[in-house]
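Novice: let me see the structure of the following:
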Amino acid sequence: MRILLFSSQHYDQESFSQAAIDSGLELHFQPARLTLDTAPLGQGFAVVCAFINDELDAEVLECLASGGTRLIALRSAGYNHVDLAAAARLGLTVVRVPAYSPHAVAEHAVALILALNRRLHRAYNRTRDGDFTLHGLTGFDLHGKTVGVVGTGQIGATFARIMAGFGCRLLAYDPQPNPELLALGARYLELPELLSESRIISLHCPLTDATRHLINARSLASLQPGAMLINTGRGALVDTPALIDALKNGQLGYLGLDVYEEEAQLFFEDRSDQPLQDDVLARLLTFPNVIVTAHQAFLTQEALAAIAATTLDNVLHWAAGDARNTVTG
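Specialist: Now for the predicted structure:
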């Protein structure tokens, strides 16, 4: 069976090629992002494998279906970029990777916290320039600080365990409380109370209509002055322009982003020789208390291996008439 992987990078080729050994699957790697313009490349492929920034709206799905595609195999947990109603209408099955390595994303969130708090990005640049002063590098002890976890699924729970290890006090927000966090001593609150009581807030919830722009001008105004916000979930959980105002007035003291609402046209490509056309992102990057990474939280050897193995297993089960990890509208 032939599979076309859109948005494939060298690390995808390595992990998927290893996972496909003895599977009987024929993999074809396409570095281009899936859009309406590139969808015709899927002609003749029963399975198209897409990543989080690929476009899977009705027009793209119609093009793929007309070319013979019958399975959309997402190599991601998120599926908010898929028009599920159109997929159902076209007879397309959609499968995903519900979990790969929650440790990868949770640990990256913690890395952002530590780097921001101890100003590691600024210290690194200083020492490379021969500046060994410590002015402006003062951080704070994580021990005893209040950390708000927004979304307490597998990744949020893993993040909470790590922060509990630092001796932090845990607050949580999720429509479905997780017993694991309760066992850690976490207290579930409504979002406004969590935001107002937390020194650090980390977002780990899926993107839905209810969570889009969950963090906005109003919710940012309820933060403790100088609070830290971390987003390794989905870019659209945050109203990005509102972050700039909160950074300028000091309401937001630290910001760590691994995802960005308009990242589809930017991330996963080397654009260092081009002017940055996104004015909002360009403004964010001027703040010394902001770190932006390009959607790399998932990028560990263990996570890549798990993503490849689960994705190909999904394909094989679908081919055998036993589809697993399906997504429906």
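Novice: would you map the helices across the stretch 201-329 of the chain?
Specialist: 217-221, 240-248, 279-284, 301-319 (DSSP state H, counting those that start in this stretch).
Novice: packing partners for the second one?
Specialist: Counting by 3 or more C-beta pairs under 8 Å, 6 or more residues apart in numbering; DSSP states H and E, the packing neighbours recorded for helix 240-248 are helix 217-221, strand 252-257, helix 279-284. To be clear about C-beta, it is placed using only N, CA and C from the backbone, and glycine gets the same treatment.
Novice: contacts for the shortest one?
Specialist: In other words, helix 217-221. With C-beta atoms under 8 Å, 6 or more residues apart in numbering as the test, helix 217-221 has contacts from 191, 192, 195, 239, 242, 243, 245, 246, 251, 252.
Novice: any idea how far the closest residue to the fifth one other than its chain neighbours lies from residue 298?
Specialist: Okay, so that is residue 242. Take residue 242 and drop its neighbours on the chain: the residue closest to it by C-beta to C-beta, 6 or more residues apart in numbering is residue 217, 4.2 Å away. Distance check for residue 217 against residue 298: by C-beta to C-beta, to the nearest Å, it reads 29 Å.
Novice: what about the two, which has more around it?
Specialist: residue 298 (21 against 14; other C-beta atoms under 10 Å).
Novice: tell me the pLDDT of the more buried one.
Specialist: Predicted confidence (pLDDT) for residue 298: 95.
Novice: so where's the stretch 1-150 of the chain uncertain?
Specialist: Applying pLDDT under 70 to the stretch 1-150 of the chain picks out no residues at all.
Novice: so which residues of it form strands?
Specialist: 2-5, 26-29, 47-50, 71-74, 93-95, 146-150 (DSSP state E, counting those that start in this stretch).
Novice: can those strands go into CSV with extra columns for distance to residue 259 and mean neighbour count?
Specialist: Shown next, in CSV, are those (distance: least, C-beta to C-beta, whole Å; neighbours: other C-beta atoms under 10 Å):
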stretch, distance to residue 259, mean neighbour count
strand 2-5, 21, 21
strand 26-29, 24, 16
strand 47-50, 17, 28
strand 71-74, 16, 24
strand 93-95, 21, 22
strand 146-150, 14, 26
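Novice: reformat the ones you listed as JSON lines; add distance to residue 323.
Specialist: Shown next, in JSON lines, are the strands of the stretch 1-150 of the chain (distance: least, C-beta to C-beta, whole Å):
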{"stretch": "strand 2-5", "distance to residue 323": "15"}
{"stretch": "strand 26-29", "distance to residue 323": "20"}
{"stretch": "strand 47-50", "distance to residue 323": "12"}
{"stretch": "strand 71-74", "distance to residue 323": "8"}
{"stretch": "strand 93-95", "distance to residue 323": "6"}
{"stretch": "strand 146-150", "distance to residue 323": "32"}
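Novice: and residue 119, which of these is closest to it?
Specialist: strand 146-150 (19.2 Å; C-beta to C-beta).
Novice: neighbouring strands - and their directions - for the closest one?
Specialist: Strand 146-150 has the following strand partners under DSSP bridges: strand 169-173 (parallel), strand 200-203 (parallel).
Novice: residues contacting it, please?
Specialist: 156, 159-160, 163, 168-174, 181, 186, 191, 194-195, 197-205, 214.
Novice: could I get that strand in CSV with only the CA atoms?
Specialist: C-alpha atoms of strand 146-150 as CSV (Å, rounded to 0.1, in the frame of the first residue of the first chain):
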residue,chain,number,x,y,z
THR,A,146,1.6,28.3,42.4
VAL,A,147,1.3,26.7,39.0
GLY,A,148,-1.9,26.6,37.0
VAL,A,149,-2.4,23.7,34.7
VAL,A,150,-5.1,24.4,32.0
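Novice: brilliant, that's me finished.
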